[in-house]
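Participant: Can you look at this prediction? I've put the sequence above it.
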Amino acid sequence: MSRRAALRRAAVREWGPPAAAVRTALAERGARALALTLTATALTALVQLVQNQSWGYGPVRALGAVRAEDPLWSALLRTPLSLFVPALDLPVWGALAQILLVFGVAEICLGRWRTLAVAYAATLAGTLYARIGVALGPEAFLGLPASDARVVDTGPSAAVVALAVYVCHQRRARFTGALVVVAMVVEVLVKDNLAGREHLAAIAVVLAVCGVREWLGRRAPAPPRAGRRAPAPRTGRRPPAPGAGRRRSAQGLGAGGGGTRSGAPPMRSWNFRRGPAQRTSWW
């Protein structure tokens, strides 16, 4: 087998199931299959357009910018909108392409509500890690400098990374999932900043969720295979011998147990015996 054929087979095995799911969903439902994805992409583009205006920068920062120095209740209230606030120092087309691709595949493979739940869980994990890291200080393991308390969180990037890892685990695309994790680790090693740390925090939360799902799946009893009859529960009685039903019907004992049997041989009427001297009844 040539190297090109081996790579083709590996790519089909890795990306074939999610690609087939996307093609089937788009053929059956069209754009309705990507309702959440299209809404998130449009909302991110709108927020980017507004925050680049002189009159819109302040409201967007007040409603969707989350920092570690903010009160916790305020950060939790801003978290839903912060998912759609892209970073100002990065090109917005990159964020839109990531949302359109990763959110789209996740919405089809995971479902709309699970996609939204994973995205918000990842964003919240990054927000809480920033607070914990600043509180620990730069000297502690996984700690952050005090200056990071004034840095705005990552926006949609943490949700995109977490969804990519979750979909890879759900569709058994292990190589792609490992590649995403390694890329985020390399990002932190090359440029150690708050955004990279929050990406790793989001990945850690998703991997923990995937581990719990695997553990629960192993504990659940396996369903019976098709074509195999499930074993009957034991009742303490021996199964009837072959032909027992016909003998019971011949002796007048129905399946409902209406008759009784003492163990003696079946009785015969004297009227059927030979000889009139042996008849005891004239009826």
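Facilitator: Cool, got the structure. No experiment lies behind these values; they were computed from the predicted model shown.

Participant: What ranges does this protein have for its helices?
Facilitator: For the chain, the helices defined by DSSP state H cover 3-29, 35-51, 57-64, 72-82, 92-98, 104-110, 112-136, 156-170, 174-190, 194-219, 244-250.

Participant: hang on, Leu194 packs against Ser147?
Facilitator: No. Assessed by CB atoms under 8 Å, Leu194 is found out of contact with Ser147, at 9.3 Å. Heads up, the C-betas are built off the backbone N, CA and C, glycines and all.

Participant: So which of those two has more stuff around it?
Facilitator: Leu194 (23 against 10; other CB atoms under 10 Å).

Participant: OK, contacts around that one?
Facilitator: Ala130, Leu144, Asp148, Val151, Asp153, Thr154 (CB atoms under 8 Å, 6 or more residues apart in numbering).

Participant: May I see those residues arranged in JSON lines, with distance to Gly58, neighbour count and pLDDT as well?
Facilitator: Output for the contacts of Leu194, formatted as JSON lines (distance: CB to CB, whole Å; neighbours: other CB atoms under 10 Å; pLDDT from 0 to 100):
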{"residue": "Ala130", "distance to Gly58": "22", "neighbour count": "26", "pLDDT": "92"}
{"residue": "Leu144", "distance to Gly58": "26", "neighbour count": "24", "pLDDT": "92"}
{"residue": "Asp148", "distance to Gly58": "22", "neighbour count": "19", "pLDDT": "90"}
{"residue": "Val151", "distance to Gly58": "18", "neighbour count": "18", "pLDDT": "90"}
{"residue": "Asp153", "distance to Gly58": "18", "neighbour count": "27", "pLDDT": "85"}
{"residue": "Thr154", "distance to Gly58": "21", "neighbour count": "30", "pLDDT": "81"}
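
Participant: Tell me the one of these nearest Leu81?
Facilitator: Asp153 (11.5 Å; CB to CB).

Participant: Once you drop chain neighbours, what's closest to that closest one?
Facilitator: Val66 (4.6 Å; CB to CB, 6 or more residues apart in numbering).

Participant: do you know how far the one you found is from Ala125?
Facilitator: 12 Å (CB to CB, to the nearest Å).

Participant: Then Leu43?
Facilitator: Leu43 is 21 Å from Ala125, by CB to CB.

Participant: quick revisit: hey, which of the helices of the chain is tucked in deepest?
Facilitator: Comparing the helices of the chain by mean neighbour count (mean count of other CB atoms under 10 Å), helix 156-170 comes out on top with a mean of 26.

Participant: model confidence over that helix, on average?
Facilitator: Mean pLDDT, helix 156-170: 94.

Participant: Report the distance from it to the chain centre.
Facilitator: 12 Å (CA atoms, centre = their mean, to the nearest Å).

Participant: Which strands or helices does it pack on?
Facilitator: Secondary-structure packing of helix 156-170 (3 or more CB pairs under 8 Å, 6 or more residues apart in numbering; DSSP states H and E): helix 92-98, helix 104-110, helix 112-136, helix 174-190, helix 194-219.

Participant: Redo those as a markdown table? Include distance to Ala20.
Facilitator: Listed next are the helices and strands packed on helix 156-170 as a markdown table, based on distance: least, CB to CB, whole Å:
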| stretch | distance to Ala20 |
| --- | --- |
| helix 92-98 | 22 |
| helix 104-110 | 10 |
| helix 112-136 | 18 |
| helix 174-190 | 15 |
| helix 194-219 | 22 |
